[in-house]
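Asks: here you go, sequence then predicted model.
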Amino acid sequence: MAYQLEVVKFRDVIPVRELPRFIPGLQPLTLEVIGDDFTSIEEVFVNGAKAPEFIIINRTTMWVQLPEAAQDRIDTIEVVSNEFTAFEQSKLSFKLGNKTKVIDGPQKLMQLFVKWLLQTPGSDIFNPERGGGLQELAGKVTTTKRMEPIMAAVTRAVDLTAKQIKRVQVALPSLPLRERLLSAEVGSINVSSQNMEAHLRVQIRTMSGEDARSSLQL
């Protein structure tokens, strides 16, 4: 089986159910967080800033040291696992990290899909037609009050990327079914009018029947 170096990091975002209390007597300010299985946690972000430290108390409870940006008010908390599955929500970043890692299967296919989806056609002189062009949409002026143009443009980019990958994979007869694309579709698009952002969820299915999801922010 062929492996690939991970450069697009996909990580599950673990749901948080409750923030019951601040831990008395601890400085800096430390928050107790209750949620789903925390045993695979890699990072915690509060108000978008990385928490300096966190301690796993048990499978569903951890203590999180608040960053300076969240000392006065907590707006958001994001608990990121070091795993990627077909979880309902995921976080994406482009980095190698402190430790290199090889990937295969659905994660390898999702990495390829996202890279091609964002790529602007013409940016690769060896493959000038390659790319879904989604990255170009982020710089275009539009209104969040009309979803139809945004949805249509995103859907076209996803469909185009899927066709390109399928066309290339036809010439790779030894490619495992777990890395061969069967379908790709837009799961949802949520728009924040205040921040002028679009949050996109893409779902792919492999020929082996496995699903993978990725969330993108434009």
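Replies: That came through fine.

Asks: what's the top strand by length along the chain packed up against?
Replies: In terms of residue count, the longest strand belonging to the chain (DSSP state E) is strand 181-192. In this structure, strand 181-192 packs against helix 105-118, helix 147-169, strand 197-206, with contacts taken as 3 or more C-beta pairs under 8 Å, 6 or more residues apart in numbering; DSSP states H and E. The C-beta positions use only the backbone N, C-alpha and C, and glycine is treated the same way.

Asks: most tightly packed of those?
Replies: Taking mean count of other C-beta atoms under 10 Å as the contact definition, the stretch among these with the greatest mean neighbour count is helix 105-118, which reaches a mean of 22.

Asks: tell me what whichever helix or strand comes after it is packed against?
Replies: Per DSSP states H and E, the first helix or strand lying C-terminal to helix 105-118 is helix 134-137. Using 3+ C-beta pairs under 8 Å, 6+ apart as the contact criterion, the neighbours of helix 134-137 among helices and strands are helix 105-118, helix 147-169.

Asks: domains for the protein, by residue range?
Replies: Taking automatic domain parsing as the domain assignment, the record places the domains of the chain at 9-91, 104-217.

Asks: tell me, how many residues neighbour residue 30?
Replies: By the other C-beta atoms under 10 Å criterion, the neighbourhood of residue 30 contains 20 residues.

Asks: okay, and the beta partners of it?
Replies: Per DSSP bridges, residues listed as beta-bridge partners of residue 30: residue 65.

Asks: what about it, distance to residue 148?
Replies: The spacing between residue 30 and residue 148, counted by C-beta to C-beta, to the nearest Å, is 46 Å.

Asks: low-confidence regions, this protein specifically.
Replies: 1-10, 84-100, 138-147, 191-198, 217-218 (pLDDT under 70).

Asks: same thing but 50
Replies: Residues of the chain meeting the criterion pLDDT under 50: 87.
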